[in-house]
Structures are given as structure tokens and as C-alpha cells.
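> I need the structure of the sequence given here:
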Amino acid sequence: MRRNRKKRTDGFIFPAPLAVAIAALSAFGVSFGCLRARTDALGREIKQLEARRNTAREMALKEENRWAQARSPAGIEEALNRHGLTMTWPAAEQVVRLADDSGRETPARPRYAASRLSRSERMRVE
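Numbers count the residues shown, from 1 in each chain. Presented below is the predicted three-dimensional model:
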């Protein structure tokens, strides 16, 4: 008696398209899980950084307010009194006026402002 060669019954044969589909679905599931874990970690990190940013903003605002109060006339007077300093207006002979090229008198620029000038302006001042 002849055997049917197309039908083999001696072993378990798994269909190839089903194996490919299962492998693709499992790869998709693993990659989805990895991406989800990464996005959750990034979300936590973003929340921590936003909290640090908000804290830094609050500290900067407090510092700006403190400096604004210290630079006010009342704040300057308070600091002078606290350090025991007395300041008066300069006498007329203590005021130095400089003349520019046109011969007009202009108030002298303070020395500390020279650092903010460009190189050519600094050369003119010095």
C-alpha cells in the first residue's frame, strides 16, 4: 500500500506564518513595554526638573525684591546708618568736570562704568 507523501504524521509541525505572527506580536509587546517605561521615567524627571525650576524662580524673585528694597533710598539710608557711615554732598571744588572735543563740559563718567564700554569707547575715556 502506498503512503500519502504530502501528509506526514510522524512529527509535530508548527505553521510558519503563525510563528512569524507570534514573534512579531511579542516583539511589538516588548518594545511597547520598554517605550512605556522610558516615557514614564522621562515624565518623572520632567516633573522633578519643573519643581526645581519653580523653586529657583521663587528664590530669584525673593532676591530681586530684597535687592530692590536695598537699593531704594530708604534702604541705602538704613545701610549707611547700620554701618555708621555719614555721607554728604561734595563741595564745589571736589567736583571734576571734563570737556569733550566740542568744548562743552560734560559730567565725568565713573571709572566702574568703563568695564561696560566697548574697547574704542574705553580708549577715549582713559
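
> where exactly do the strands run in the chain?
97-99, 105-107 (DSSP state E).

> tell me, which of those strands is the model least confident about?
Among those, strand 105-107 has the lowest mean pLDDT, at a mean of 60.

> and the gap between I76 and A68?
Using C-beta to C-beta, to the nearest Å, we find I76 at a distance of 12 Å from A68. To be clear about C-beta, it is placed using only N, CA and C from the backbone, and glycine gets the same treatment.

> Please read the previous query as pertaining to A51.
Taken as C-beta to C-beta, the span from A51 to A68 is 26 Å.

> Which elements pack onto the helix ranked longest in the chain?
Using DSSP state H to define each element, the chain has its longest helix at helix 16-71. On a contact count with 3 or more C-beta pairs under 8 Å, 6 or more residues apart in numbering; DSSP states H and E, helix 16-71 meets helix 73-83.

> How about residues contacting the helix it packs on?
Outside helix 73-83, the residues that touch it by C-beta atoms under 8 Å, 6 or more residues apart in numbering are 69-70, 86-87.

> mind listing what's buried in it?
When burial is assessed from 16 or more other C-beta atoms under 10 Å, helix 73-83 yields no buried residues.

> Next, the angle helix 16-71 makes with it.
For helix 73-83 against helix 16-71, the angle by axes from the mean of the first three to the mean of the last three C-alpha atoms, to 10 degrees is 70 degrees.

> show me where pLDDT drops low in this structure?
Flagging of the chain using pLDDT under 70 yields the residue ranges 1-12, 100-126.

> what's the farthest-apart pair in the contacts of helix 73-83?
Between any two of these, the greatest separation by C-beta to C-beta is 21.8 Å, found for Q69 and T86.

> quick one: which of the two has more around it?
Ranked by neighbour count (other C-beta atoms under 10 Å), Q69 and T86 place Q69 first, with 11 against 6.
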